[in-house]
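# fold the following, please.
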Amino acid sequence: DIIFRTDVSGRFIFFNPAALKLTNYAASELIGKHFTELIRPDHRVEAERFYGMQFVKKIPVTYYEFPIINKNKVEIWIGQQVQSIIDDGQVIGFQAIARDITERKKAEEKLRYEEHLFRTLAEQSSDIIILVNREMVITYENPAIEKVLGFKAEERIGAHLFDHVHPDDLNLITEASSILANDKDAATLRAEVRVRHRDGSWRTIEVTANNIVHDEFIQGGLVNLHDITERKAAERALRESETQYRL
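Residues are numbered from 1 along each chain as shown. As a prediction, the model looks like this:
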């Protein structure tokens, strides 16, 4: 852990070897330097405001995360717990314990990017894309649901995935989903089921589902629904035509 102390104005008066290693500054360069000089420029005002409130309100301990730029121009995110040093009722300085959280911040940024990418692709898709939790309750549904089944996406959040599945297809999809949810090595689920449209008619839907219960962030399932009603009707018509031809 990085340990340092500043005077009441925010200038370094003490630091441990870990602080020197992280910043790549020599001790003589760091003594007397204001803490904001290490903070990435676009975060300085916010950091000063945050610690200014700690000083004015005499808050005993705070926690804050921000990026610093070390002597080698490398950006490092730190999370630090800062304690006010109070003497006779007055704040006379600050002491902090900080930790390098760069890898965690990179992981968070990667997750935000992937989430944004997923939503962008999902909301442009003509197929219904659904995220469900372990209990098969819908946590996300893309806008295609309205075009295919007549429901608005927000109406279905919190509903069960199988709410509108045809009774005759329910056992098939329930059993397959149970296997998928409980076996992380299970193959991708593929099935054809009938799903009720908002107007009461039945649509034939090709279901593809993947198990992401063991994903650190999602812990559920990703389901893709593709409307094949017209294709199935065309196949039936072709079969009937072939039968009549044979006769």
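# going forward, measure contacts and count neighbours with C-alpha atoms only.
OK.
# nearest spatial neighbour of residue 150, chain-adjacent residues omitted?
Leaving aside its sequence neighbours, residue 150 sits nearest to residue 198 (Cα to Cα, 6 or more residues apart in numbering; 5.2 Å).
# quickly find the element holding the one you found.
If you go by DSSP states H and E, residue 198 is not part of any helix or strand.
# what about it, distance to residue 96?
Counting by Cα to Cα, to the nearest Å, the separation of residue 198 from residue 96 is 59 Å.
# the two: which has the busier surroundings?
Looking at residue 198 and residue 96 with other Cα atoms under 10 Å, you find the greater number of neighbours at residue 96, namely 20 against 14.
# which stretches of the protein have low pLDDT?
Scanning the chain with the threshold set as pLDDT under 70 gives 184, 186-187, 212-219, 246-247.
# where exactly do the helices run in it?
Per DSSP state H, the chain has helices spanning 17-23, 27-30, 44-57, 102-124, 144-149, 153-156, 167-182, 229-246. These are given in chain order.
# got these as CSV, with distance to residue 205 and mean neighbour count columns?
Listed next are the helices of the chain as CSV, based on distance: least, Cα to Cα, whole Å; neighbours: other Cα atoms under 10 Å:
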stretch, distance to residue 205, mean neighbour count
helix 17-23, 56, 16
helix 27-30, 66, 13
helix 44-57, 52, 14
helix 102-124, 18, 13
helix 144-149, 10, 18
helix 153-156, 17, 14
helix 167-182, 11, 15
helix 229-246, 7, 11
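# for those, which one sits closest to residue 91?
If you check each of these against residue 91 by Cα to Cα, helix 44-57 wins as the nearest, at 6.7 Å.
# which residue sits closest to residue 144, ignoring its sequence neighbours?
Closest residue to residue 144 in three dimensions, ignoring its sequence neighbours and counting by Cα to Cα, 6+ apart: residue 128, at 5.1 Å.
# I figured the one you found was touching residue 209, is that so?
No. With contact defined as Cα atoms under 8 Å, residue 128 does not count as touching residue 209 (11.6 Å).
# top strand in the protein by residue count?
Using DSSP state E to assign secondary structure, the strand with the most residues in the chain is strand 75-87.
# can you list the strands that that one pairs with?
Based on DSSP bridges, the pairing partners of strand 75-87 within the sheet are strand 61-69 (antiparallel), strand 90-100 (antiparallel).
# mind checking how far the residue nearest to residue 144 is from residue 152?
12 Å.
# what is in contact with these two at once?
Taking Cα atoms under 8 Å, 6 or more residues apart in numbering as the contact definition, residue 128 and residue 152 share the neighbouring residues 143, 145.
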